[in-house]
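J.: Make a model of this:
(one chain, ligands or ions: 1)
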Amino acid sequence: MIRYDLKCANGDEFEAWFGSIADYDAQAASGQLLCPHCGTTHVQKAPMAPAVRTSEAKEAQKERAVAMAMAAKVREHIKDNFDYVGDKFAAEARKMHSGEAEERAIYGEATPEEARELMEEGIPASPLPPELAPNAPAKRKLN
Ligand SMILES: [Zn+2]
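T.: Down below sits the predicted model:
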């Protein structure tokens, strides 16, 4: 939703919500925009367009905050339920795969070469985006 501050030809100011910028354009072009005060269709955006950007920015900020909160939860989950094996990740993953070690959830660091080798050997490992990796990663993390 986008909020526009609108102004009619008689100087009334009001605000209206639109599904999108295209929505506003379509309604304005077909003369469907009415001033709620005097009923004229001579309505245009008030010069304070920054209000639009502000509300969009706020929306983006909110979405980002939600994503960050989710990432934090995943990070906590990994920290609580996965064994951290540091740079021994590739070796541990191999041991579990061959049955030498008990299978468990692990995370740690692997070099890009190690990650590629694991993939070629058919050992399931997936890179964690940095925001999901507990402990700031110096190298790529896998789980
Ligand atoms: Zn008016």
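J.: all helices for the protein, in order.
T.: Assigned by DSSP state H, the helices in the chain fall at 21-29, 50-81, 89-98, 112-120.
J.: domain ranges for this protein?
T.: If you go by automatic domain parsing, the domain ranges for the chain are 2-69, 70-142.
J.: Make a markdown table from the helices of the chain and add distance to residue 134, mean pLDDT and mean neighbour count to it.
T.: Quick note: C-beta positions are derived from backbone N, CA and C, even for glycine. Shown next, in a markdown table, are the helices of the chain (distance: least, Cβ to Cβ, whole Å; pLDDT from 0 to 100; neighbours: other Cβ atoms under 10 Å):
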| stretch | distance to residue 134 | mean pLDDT | mean neighbour count |
| --- | --- | --- | --- |
| helix 21-29 | 40 | 90 | 13 |
| helix 50-81 | 4 | 78 | 12 |
| helix 89-98 | 13 | 88 | 18 |
| helix 112-120 | 18 | 87 | 14 |
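J.: what would these look like in JSON lines with distance to residue 4?
T.: Output for the helices of the chain, formatted as JSON lines (distance: least, Cβ to Cβ, whole Å):
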{"stretch": "helix 21-29", "distance to residue 4": "6"}
{"stretch": "helix 50-81", "distance to residue 4": "6"}
{"stretch": "helix 89-98", "distance to residue 4": "52"}
{"stretch": "helix 112-120", "distance to residue 4": "48"}
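J.: Those: which one's closest to the ion?
T.: For the helices of the chain, the distance to the ion is smallest for helix 21-29, at 14.9 Å, taking Cβ to the ion.
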